[in-house]
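Asker: for reference, the sequence and a predicted model appear below.
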Amino acid sequence: MFFPESGEGRDLIVFDLEWNQSSYTPNHRMPHEIIEIGACRVDAQGRVTGTFSRMVRPRLYRRLDRHIRSVTGITEQELSEGDAFADVLADFSAFCGPDALTVTWGPDDYPVLRRNAAFYGLRAPFAPPLDAQLVFGFACLGDAHRQMNLHGALETLALSPDMPAHRAVYDAQCTAALLPAVERAVSALTPQAREELFALLDRERRIADSALRSSPTRHQTHAQALRDRAVTAVCCPVCGREAALTTPWFDSGRERYLALAECREHGVSCAQLHFKRAASGLLIMHQRAYLAAEAEAQDVRARYAAYLAEPPRHRRRAGGKNPT
Ligand SMILES: [Zn+2]
């Protein structure tokens, strides 16, 4: 059901990550540093048949963010006794096995895993996971984008696994505990609703495989930054080579910029860009590009046409009329 392409009888790996960050001196190549990987293996009957739980010794951020320390209960002492990321990733990959079918709660873990792996010159050991939070939202709450937290979801389904929250392996097990009820809700969907769900999951997996770029700029205004090729260049999410812009960057509303770019080999990507301001007053750019379905590319072209149709003064002031 969850993996219509996979056939019956394969185990699932449910995983969860904890990560740390620095508000003061972030490294833009790895803004979130994984400090714990937790996972459990679930068989076709929904039983947990194995667990994985490891601490990662941080290289960038050795001081724990206060919020993360209070939520997870992890201490700096524990972290210093963890293992190097590359070793934990290799062991996690071995735990998953080849062609792992993976599940997470929410869309955030996989991009963080990919970025941490890339920081060390490694690759994420599997394709993007299934987002159980999205499936739960769609099938149990009637809203795929509700993003209810794990605790709320357990309450909604009247499940109360007796486990301490917010440690990676326990969150993975709580997610596993939800799967049978979520799966029942999915099988009760109409064929049309199920198709809609699979389209959303497909889109989310493409977004999880985005080419991500974050970097400080030397600019104070968006207009300056948008003339800088170091900011505007888009990488193909499949091969990493520069893709040619087929629309210019334009403000799609609230200073979030969109563009389309094409790699000859891998096709059209939808690119998104926004800026934050560093303490220095200079802009930091955050960009993502993901392979676009034809309807998504059409949508960006239509937004660009609408943007061009607006009077320039209005464009500057309100930044376009499309809210996303
Ligand atoms: Zn390419």
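Answerer: Okay, I see it.

Asker: now do the spatially most central residue of the chain against the ion, distance only.
Answerer: Nearest residue to the geometric centre of the chain (C-alpha atoms, centre = their mean): D108, 3.6 Å. Separation of D108 from the ion (C-beta to the ion, to the nearest Å): 25 Å. Glycine gets a C-beta too; all of them are placed from N, C-alpha and C.

Asker: A244 and L260 touch, don't they?
Answerer: No - assessed by C-beta atoms under 8 Å, A244 is found out of contact with L260, at 9.7 Å.

Asker: looking at the two, which is more packed in?
Answerer: Between A244 and L260, counting by other C-beta atoms under 10 Å, L260 is the more crowded of the two (23 against 12).

Asker: so for the residue lying closest to M30 once chain neighbours are set aside, what pLDDT did the model give?
Answerer: Leaving aside its chain neighbours, M30 sits nearest to F119 (4.3 Å; criterion: C-beta to C-beta, 6 or more residues apart in numbering). In this prediction, F119 carries a pLDDT score of 94.

Asker: how many residues are close by F119?
Answerer: 16.

Asker: next one: F119 from E36, what distance?
Answerer: Using C-beta to C-beta, to the nearest Å, F119 is found at 17 Å from E36.

Asker: what's the answer for A199, then?
Answerer: In terms of C-beta to C-beta, A199 sits 33 Å off from E36.

Asker: do S53 as well
Answerer: For S53 relative to E36 (C-beta to C-beta), the value is 8 Å.

Asker: give me the common contacts of those two.
Answerer: Common contacts of S53 and E36 (C-beta atoms under 8 Å, 6 or more residues apart in numbering): 167-168.

Asker: all helices in the protein, in order from the N-terminus.
Answerer: Applying DSSP state H to the chain gives helices spanning 66-72, 76-80, 85-96, 109-119, 132-136, 150-156, 168-187, 191-208, 222-225, 229-232, 294-309, 312-318.

Asker: quick one: buried residues of the first one?
Answerer: Using 16 or more other C-beta atoms under 10 Å as the burial criterion, the residues of helix 66-72 that qualify are 68, 72.

Asker: export stretch 245-263 as CSV, just CAs?
Answerer: Extracted C-alpha coordinates of stretch 245-263, given in CSV (Å, rounded to 0.1, in the frame of the first residue of the first chain):
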residue,chain,number,x,y,z
LEU,A,245,17.5,29.6,-17.0
THR,A,246,14.5,29.4,-19.2
THR,A,247,12.7,32.2,-17.3
PRO,A,248,14.5,34.9,-15.4
TRP,A,249,14.1,35.0,-11.6
PHE,A,250,10.9,36.8,-10.7
ASP,A,251,9.2,37.7,-7.4
SER,A,252,6.3,35.3,-6.9
GLY,A,253,5.1,37.3,-3.9
ARG,A,254,6.5,38.1,-0.4
GLU,A,255,10.0,38.2,-1.9
ARG,A,256,10.2,34.6,-2.8
TYR,A,257,11.7,34.2,-6.2
LEU,A,258,11.0,31.6,-8.9
ALA,A,259,12.6,30.5,-12.1
LEU,A,260,12.7,27.6,-14.5
ALA,A,261,16.0,26.1,-15.6
GLU,A,262,16.8,23.3,-18.0
CYS,A,263,19.5,20.6,-18.0
